[in-house]
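# prediction below, plus the sequence it came from.
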Amino acid sequence: MKRLLVLLALLLPTIAAAQHAPWQAIVSRDLRFRVEMPFPVEQVTAPERERGHASPRQAWAAKRDEELFDFDFVDYQDGALSSRDSKIVARELGRGEAEKAFPPQRFKYVRDEPVTSQGWDGYALDIEDEKGHGVMMRTFVVRDRLYRLLVSHKGDFETKSAAQRFLESLKFAETRAP
C-alpha cells in the first residue's frame, strides 16, 4: 500500500503536466455567438477596416502546444452580404487566397465543400501536407456578419480532435429556418 502511495505521489505531477490547459468559452458582447478555445486566449481588434466593413474585425487567438486556434468576425454594411446568395459569398470568402497560400500541387484538399451550421451557410476547407499536418478553416455568413475559424493540427488523433472540438464549438444565438 505504501508503495502504491509513493508511486502515485511521484506520478501525479507527471500526469498533471501531461494534461492540457482547460478550454475557455468566448461569448460576444452582443451575445450573438459562443465558441470554445484553449486557454489562454488573446483578443485583438483590427484597427483598419476593409471596404464594406461596418465595424473593425474582432479576433481571438490561442495556442495549444504548437497548434494555432484563430477565430474572428466582422460586420459588413447592411445588405453587403445578406443581399447576395450566402452560399456563394461563403465560398468566395472561405476559399479566399487559399489556393495561393496552399497550392493544390503541393497540398491535399481533404475537404472543400459548402456546409451549414444552425441553418446558416458556410464553407469548409481542410488542407493537409504529405505528413498529414493540416489546416482546417470554416467560414459562415450570418446575415451581414462573417465568421471565420482557422485551426492547425499535426495529423495525430489528439490534435485533430482538439481542432474538431474548436470548429464544432461555434454556436450562433439565432437559428435560420431551412
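Nice, I can see it.
# and the most centrally placed residue in the chain, which helix or strand is it part of?
What sits nearest the mean C-alpha location of the chain, by Cα atoms, centre = their mean, is Leu149, with 2.8 Å. Element membership for Leu149, per DSSP states H and E: strand 145-153.
# packing partners of the helix or strand that comes right after that strand?
As assigned by DSSP H and E, the chain's next helix or strand after strand 145-153 is helix 157-169. With contacts defined as 3 or more Cβ pairs under 8 Å, 6 or more residues apart in numbering; DSSP states H and E, helix 157-169 has these neighbours: strand 33-38, strand 67-75, strand 134-142, strand 145-153. (Each C-beta comes from the backbone N, C-alpha and C, glycine too.)
# let me see the mean pLDDT of the third one.
Meaning strand 134-142. Across strand 134-142, the average pLDDT comes to 95.
# rewinding a little: neighbouring strands - and their directions - for the strand holding Leu149?
Take DSSP bridges as the rule and strand 145-153 pairs in its sheet with strand 67-75 (antiparallel), strand 134-142 (antiparallel).
# would you turn the ones you listed into CSV with mean neighbour count?
Putting these into CSV (neighbours: other Cβ atoms under 10 Å) gives the following:
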stretch, mean neighbour count
strand 67-75, 20
strand 134-142, 23
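# can I get these in JSON lines with distance to Glu36?
What follows is the strands paired with strand 145-153, written out as JSON lines (distance: least, Cβ to Cβ, whole Å):
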{"stretch": "strand 67-75", "distance to Glu36": "9"}
{"stretch": "strand 134-142", "distance to Glu36": "14"}
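# to Lys87, which of the ones you listed lies closest?
Closest approach to Lys87 among these is made by strand 134-142 (8.6 Å; Cβ to Cβ).
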